[in-house]
Structure formats: structure tokens, C-alpha cells
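Trainee: Here is my input, please return the structure:
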Amino acid sequence: MNQVKLKSLGTIAYKDAWDIQEELLKTAVSKKASSNESDEVENTLLICQHPHVYTLGKSGHPENLLFRKEELEKNGIEFYATNRGGDITYHGPGQLVAYPILDLEKFGSSIHLYLRNLEEAVIQTLQEYGIKGERLKGYTGVWIEPETYRARKICAIGVRCSRWVTIHGLALNVNTDLSYFKNIVPCGITDKGVTSMNIELNGKVDENQLYEVFIQKFKEVFNVEITKAQTLSTAIE
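Mentor: Residues are numbered from 1 along each chain as shown. All right, here's what the predicted structure looks like:
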């Protein structure tokens, strides 16, 4: 059984979390290129939240950011063009953000399977709260009532893979202030909305409890053993 080390970063600036991912990726790729059989890639799951930030994927369209630079600064929102897949999205307080750094050669060597497994971990997490999360054909992520006029996205997913090692990941709207999505065209999709768990449940969700549920579902879906790092917080601060 593959092992994954869980590291909770608490609330961390987007760029700082990105730097951590890139460093873990660099180390993993170096180990894969090594002829030393003891240099095995350490799979990691980073859990965190970010202060307000918009991120644009490498295939995204800058015009989907509806704010000018001065408006971003005025409202205390950062912006980053990233190297992940997908278009533009929002990160902020009240989200579950998960960044798995996995060697996919140990998990089926398939980006498609990896994305579906990320979706499945979220779908099963939502199910524990009585929310029916589903997939929408042609789109990545998790949706509510996807085949209706009320289709709305509750979880965005965007990843990057290098030498079969993944970075970036998913953002599940838990107690998220959805007004921040009004300043972008989320994921470049103009005809569908966004939602959050607290909107669907009409009440605030215990985020630390939710994170534990997600970690358990991630463990089950990916069939891994998860160990918690001792040097970092295990709760969102």
C-alpha cells in the first residue's frame, strides 16, 4: 500500500504554498532520475487555506479576470498566473484546498484516472453531509444538479504533472464568501454558477471536521496509508 504524508499548512499565502509544491516536485523528480534504489519519492498531501487570491491556469484567458490591477490592490486580493491546467478560479477563507504531490506511476499512470479519483474523494466527502455531488460531462470538478439549469460548481480542480509527479489540486467551497466569484468568469464558464457547502446546507460547516472527513475519503479512494507530519499544524488556523 502506498504511503502519503499529510502536511497541514494552515492559512498560507498562495505563493508560499506554490513554492512548497515546486520544491517537493523538484525533489521527487530528482529521486526518480536517481539510480539509487533507496531514493523513493515521498507522496505528500498538503491541506491549507489561502487569503483572497485569483489564480489563472496556463490555458486560461486573462480577460476572465474582471478586476483591474488597482481594484485588486484596493480589495486586498492577489493574482497569480500559474502553471496548472484550467482557467481562472478564486481561493480564500472558508475553502478546503488540497495539493497532492503524488508519483502517479504508483497510482495507475493516468491523469484521467487521477482527476476522476480527486472528484470521487470530494463526491464521497459531500455525501457524508447529505449533499449530492456529481460530475458534469466535458468539465473537470464537482457539481450540484449538473444536468439542470441550476447547475453549479462546488469544487474546482486544476493540476500539473511532471515526470508523472503531480502538483496543484482542488478547492472545495465550504464556508466560502461566493461574492468574490463575481469578479471573475469562474473556470471560464459563463452559463453556470458556483455554490458552497454552507449554501447547500443553509448553515456553517465545521471546517476542521470536514477536513478530517475529506482526508479519510482521500485515503479510501486512493487506497493509501496516511501519516501526519509532526512539524506542522494539523488544523486550520
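Trainee: where does this protein have low pLDDT?
Mentor: Across the chain, the stretches falling below the confidence threshold (pLDDT under 70) are 35, 37-38, 230-237.
Trainee: For it, just list every one of the helices.
Mentor: The residue ranges that make up the helices of the chain, judged by DSSP state H, are 14-33, 69-74, 111-127, 197-201, 207-222.
Trainee: export those to TSV and tack on distance to residue 173?
Mentor: The way it works is simple: take the backbone N, C-alpha and C, and place the C-beta from them, glycine included. Supplementary listing: the helices of the chain in TSV, determined by distance: least, CB to CB, whole Å:
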stretch	distance to residue 173
helix 14-33	16
helix 69-74	20
helix 111-127	11
helix 197-201	7
helix 207-222	11
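Trainee: mind giving me JSON lines with those and columns for distance to residue 229 and mean neighbour count?
Mentor: JSON lines is the format used below for the helices of the chain (distance: least, CB to CB, whole Å; neighbours: other CB atoms under 10 Å):
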{"stretch": "helix 14-33", "distance to residue 229": "12", "mean neighbour count": "16"}
{"stretch": "helix 69-74", "distance to residue 229": "33", "mean neighbour count": "11"}
{"stretch": "helix 111-127", "distance to residue 229": "20", "mean neighbour count": "19"}
{"stretch": "helix 197-201", "distance to residue 229": "26", "mean neighbour count": "18"}
{"stretch": "helix 207-222", "distance to residue 229": "13", "mean neighbour count": "18"}
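Trainee: Which of these sits closest to residue 145?
Mentor: For residue 145, the closest of those is helix 197-201, at 10.2 Å, according to CB to CB.
Trainee: which strands and helices sit next to the closest one?
Mentor: Using 3 or more CB pairs under 8 Å, 6 or more residues apart in numbering; DSSP states H and E as the contact criterion, no secondary-structure element is in contact with helix 197-201.
Trainee: Check what contacts that helix and list those residues.
Mentor: Contacts made with helix 197-201 from outside it, assessed by CB atoms under 8 Å, 6 or more residues apart in numbering, are listed as 94, 126, 129-131, 144, 154, 172-176, 178, 204-205, 210.
Trainee: if we go to 10 Å?
Mentor: 94, 96, 125-126, 129-133, 144, 152, 154-155, 172-176, 178, 203-205, 207, 210 (CB atoms under 10 Å, 6 or more residues apart in numbering).
Trainee: Please narrow those to those residing in strands.
Mentor: With strands identified by DSSP state E, the entries of the contacts of helix 197-201 that belong to them are 96, 144, 152, 154-155, 172-173.
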